[in-house]
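Asker: Model the following, please.
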Amino acid sequence: MAADGDDMRSREAEAYLDGQFLVAMPGMKDDRFARSVIYVCAHNDEGAMGLIINQVQELGFPDLLVQLGILEERETTQIPASARDIVVRHGGPVDRSRGFVLHTDDYVVESSMQVDNRVCLTATVDILRAISTGRGPDRALMALGYAGWGAGQLEGEIAENGWLTCPADSDMLFDADIDTKYERILARIGVNLVHFSGTAGHA
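Answerer: Predicted coordinates:
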């Protein structure tokens with residue numbers, strides 16, 4: 001039988017949203033997050049951090065590699081098609097020059113952070129080099145910038161009907177159909193925008 005302290009830690013862990021989707025409510029007041037879907041990468045009593053996965057940057061992945069000095073312009077033609085087609089996302093309003101890669105756990109380096117048992121987060125250029133040469137993870141999502149919350153801030157926004165939460169699905173996380181991701185995730189958790197009253201809850 002677990003000690004009381006172990007039970008408390010277990011309940012606290014269950015309250016955290018690592019590896020879940022945050023889905024903006026239709027009445028989201030902050031335009032930066034309107035109709036956004038965020039994958040929560042880290043959440044604890046000190047705050048939370050996540051990446052918007054359905055807002056697209058104009059910068060293409062090959063252009064980003066050139067900008068970062070990883071490849072020369074002439075070398076971009078050698079990038080595998082799977083890497084060339086990676087869509088760079090606008091991950092959030094914080095530190096927008098910093099890059100993050102969400103990816104499957106078949107690629108892990110020392111700096112990788114395990115988000116759940118299938119998805120990792122890596123924020124070093126090594127993974128970009130690996131992807132550009134076809135040695136990267138099976139599935140990956142690149143984002144510039146991130147969304148961050150201080151202690152208790154995210155919980156407050158959820159309580160004030162700012163966000164819906166639901167377990168993340170890796171197929172939905174990595175699929176390339178970005179334009180309809182918001183509607184598809186809402187539909188998956190049983191929310192019809194036409195009849196939506198603007199009150200929040202947890203799926």
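
Asker: dump the residue contacts of residue 131.
Answerer: If you count contacts by CB atoms under 8 Å, 6 or more residues apart in numbering, residue 131 has them with 83, 86, 101, 137, 140. Backbone N, C-alpha and C define where each C-beta goes, glycine included.

Asker: mind listing what the third one touches?
Answerer: Contacts were defined as CB under 8 Å, 6+ apart; by that measure residue 101 touches 121-123, 127-128, 131, 140-143.

Asker: what are the bridge partners for it, then?
Answerer: According to DSSP bridges, the residues that bridge with residue 101 are residue 122, residue 142.

Asker: how close does it get to residue 119?
Answerer: For residue 101, the distance to residue 119 equals 11 Å [CB to CB, to the nearest Å].

Asker: How far does stretch 27-44 stretch from one end to the other?
Answerer: Taking CA to CA, to the nearest Å, stretch 27-44 runs 26 Å from one end to the other.

Asker: Can I get the helix or strand containing residue 182 in PDB? Just the C-alpha atoms.
Answerer: Per DSSP states H and E: residue 182 is located in helix 181-188. Taking Å, rounded to 0.1, in the frame of the first residue of the first chain, the C-alpha atoms of helix 181-188 are listed here in PDB:
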ATOM      1  CA  LYS A 181      -6.600  21.000 -36.700                       C
ATOM      2  CA  TYR A 182      -8.500  23.300 -34.300                       C
ATOM      3  CA  GLU A 183     -11.900  22.100 -35.600                       C
ATOM      4  CA  ARG A 184     -10.900  18.500 -35.800                       C
ATOM      5  CA  ILE A 185      -9.700  18.400 -32.200                       C
ATOM      6  CA  LEU A 186     -12.800  20.100 -31.000                       C
ATOM      7  CA  ALA A 187     -14.900  17.600 -32.900                       C
ATOM      8  CA  ARG A 188     -12.900  14.700 -31.500                       C
END
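
Asker: Since that was my last question, I'll sign off now.
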